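Asks: Sharing a model prediction with you, sequence too.
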There are 2 protein chains.
Amino acid sequence: MAKAKFNREEVIDKAIDLFWQHGYSASSMQQVVQATGLKPGSIYLAFENKEGLFREALERYAQKSIARTRKILDSAPSVQAGICQLFEDNIQQSSKEDYCSCFLVKTRLELAAEGNDLHNLASEKLEMMEALFASYLEKEFTPEISQRRATSIMLHIFGIRVYGYQKKSEDRMRQGLREGLPWLPWP
Amino acid sequence: MAKAKFNREEVIDKAIDLFWQHGYSASSMQQVVQATGLKPGSIYLAFENKEGLFREALERYAQKSIARTRKILDSAPSVQAGICQLFEDNIQQSSKEDYCSCFLVKTRLELAAEGNDLHNLASEKLEMMEALFASYLEKEFTPEISQRRATSIMLHIFGIRVYGYQKKSEDRMRQGLREGLPWLPWP
DNA sequence: TAATATTTTGAATGACTATTCAAAATAAAG
DNA sequence: CTTTATTTTGAATAGTCATTCAAAATATTA
C-alpha cells in the first residue's frame, strides 16, 4: 500500500499550523501523525525526531515571513508607507478568532532555556528581521537613526504580537502605534 | 512522620519559579513534587490539580507585579520618572543569564487556545496593568492622551519582554525606548 | 524481468504523565 | 486521655509521550 515519497512541503506546512498554535511541548507526534496522515516511521525517517520537524517548520515559517516583508516593503510607495502597511496587516491578523501571535516570538519565549537550539534559531531569525528593517531604512535615514528606528519597530511588532490577544483592541493598537512611531505616514 | 500543614505561600513561590521558567506544558507535577518536597496527595488536596496550582501561582505573581509597579510609581519624583525607572528595571532583568520574560506574557502566549481560563486570567491581569498606567498618567495628562500613552507603554513593555532575550541588547533597547517614548524624562 | 534501493507500515517499547486513595500520622476539640 | 477532623504518605492507576524496527510495499536500476 506504500505510496511515492510524500510531499515534504505540504507536511511541513501542517507542522507549522500545529506547532504555531500549540507550541512545542503541547504538540504531540501523535497529532502530527493525525494532521499529516503519515505513520510515525515515515516522519522519523524524514525529519529524525520532533525537534527536527519543528526546526524545519520554524525555518519555513521564517523564510515565508521574511519574503513577505520584503515584498510589501518593495512594492510600497515608500519604505515608511510599507512599514505602516505591515503594522496594519499585523493588526488585522490579531483580530481573527484563532489568532496565534507569531511562531518565532512564541518559540523564543517557550524554549528559552539555556542554549536551546530552537530558541536560538528563532532568535536568529528575529534578529534578521531587525537587520532587514534597518537596511531598508538606510535608504532614507542615517545609519544611526535607521538602527534606532529599526529597534523601535521591532519593539512595536513584539508589542502587537502580545497585545493582539486583547479583544476589540485594534483601534487602541493603532493609536498606540501612532504615539510611538510618529515618524511614519499613518493614514 | 506527617507534619503541620505546609506553608502555602512558600509552595506557591516554588511553583512560580517552575512554571514561569518552563511554562505550563513543560512543567510536570513530578517537578513540583521535587521542588516543594511535598507528596502528590498533599498538593492535590490543597490545589485540586495542576491548573489550580498554576492559577494560584499566576495570581500571586500578578499581585506582586502590580504591587511593585504601584510602589515605584508612588515613590518616584513624578509618574513619568517612575515609568522610566520601571523600564530600566525591566532592562536590568533581561540582562540576567536566566532571564525568563514575564510570567503573564508567557502564559498569554502559551495558553492562547479558545477560552482557556489561564490565558484569560493572564490577559485580565495585563489589562489591569494598562489601566493602572492610564490612571497614574491622568494625574498629568488628559484622559485621551493618558489612554493612548498607557497603550504605548504596554506595547513597549511587551516589546522588551520579547526583545530582552537578545544578548547585549541593553543599550539598543534604551535607544529604542527613547525613540518610541520621547515624552518620558530619560536620564 | 530480476535485483537493489527507498519508503511506508503500524504495532511495540519503555519512560513519563496527571491524578487517586486507603492507610498512617498528626493536630484540634471535648 | 479520647474522639474527631486534618493532613501527609507514597505506591498504584490508567493514559499519553517520543521513538524504534522488522516486515511489507513500492520505486529504481540493471
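Replies: Received the coordinates, thanks.
Asks: CA only for contacts and neighbour counts going forward, please
Replies: Will do.
Asks: Which other helices and strands does the helix or strand in which A:Leu132 is found contact?
Replies: For A:Leu132, the host element (DSSP states H and E) is helix A:117-137. Packed against helix A:117-137, as judged by 3 or more CA pairs under 8 Å, 6 or more residues apart in numbering or on different chains; DSSP states H and E, are the following elements: helix A:50-75, helix A:103-110, helix A:143-163.
Asks: Any regions of chain A where pLDDT drops low?
Replies: Scanning chain A for pLDDT under 70 picks out A:1-4.
Asks: Can you pull the phi/psi pair for the closest residue in space to A:Thr151 that isn't next to it in sequence?
Replies: Excluding its sequence neighbours, the residue lying closest to A:Thr151 (CA to CA, 6 or more residues apart in numbering or on different chains) is B:Gly176, at 5.4 Å. Phi and psi for B:Gly176, reported as degrees, to the nearest 10, are phi -60, psi -40.
Asks: B:Gly176: neighbour count?
Replies: By other CA atoms under 10 Å in any protein chain shown, the residues close to B:Gly176 number 24.
Asks: Roughly how far does it sit from DNA strand C?
Replies: Here the criterion is CA to the nearest atom of the strand, to the nearest Å. By it, B:Gly176 lies 39 Å from DNA strand C.
Asks: Tell me who's in contact with that residue.
Replies: Going by CA atoms under 8 Å, 6 or more residues apart in numbering or on different chains, B:Gly176 touches A:148-149, A:151-152, A:155.
Asks: Mind doing that once more with 7 Å?
Replies: B:Gly176 sits next to A:148-149, A:151-152 when contact means CA atoms under 7 Å, 6 or more residues apart in numbering or on different chains.
Asks: what do you get for A:Gly52?
Replies: Going by CA under 7 Å, 6+ apart, the list of residues near A:Gly52 is empty.
Asks: just A:Ala122 next, same as before
Replies: A:104, A:107-108.
Asks: Need those residues in TSV (columns: neighbour count and distance to A:Asn120).
Replies: Shown next, in TSV, are these (neighbours: other CA atoms under 10 Å in any protein chain shown; distance: CA to CA, whole Å):
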residue	neighbour count	distance to A:Asn120
A:Leu104	23	10
A:Thr107	23	9
A:Arg108	24	8
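Asks: ok, which of those also contact DNA strand D?
Replies: For DNA strand D, no contacts are drawn from these by CA under 7 Å from any atom of the strand.
Asks: Between those, which sits nearest DNA strand D?
Replies: DNA strand D lies nearest to A:Thr107 out of the contacts of A:Ala122, by CA to the nearest atom of the strand, at 15.4 Å.
Asks: mind checking how far that closest one is from A:Ile12?
Replies: 16 Å (CA to CA, to the nearest Å).
Asks: Next: A:Arg172.
Replies: Computed as CA to CA, the A:Arg172 to A:Ile12 distance reads 35 Å.
Asks: For those two, indicate the residue with more neighbours.
Replies: Of the pair A:Arg172 and A:Ile12, A:Ile12 is the one with more neighbours under other CA under 10 Å, namely 23 against 16.
Asks: now check the helix or strand hosting the more buried one, is it near DNA strand C?
Replies: Element membership of A:Ile12 [criterion: DSSP H and E] is helix A:8-22. No - residues of helix A:8-22 contacting DNA strand C under CA under 7 Å from any atom of the strand: none, with a closest distance of 8.9 Å.
Asks: I am finished for the moment; much appreciated.
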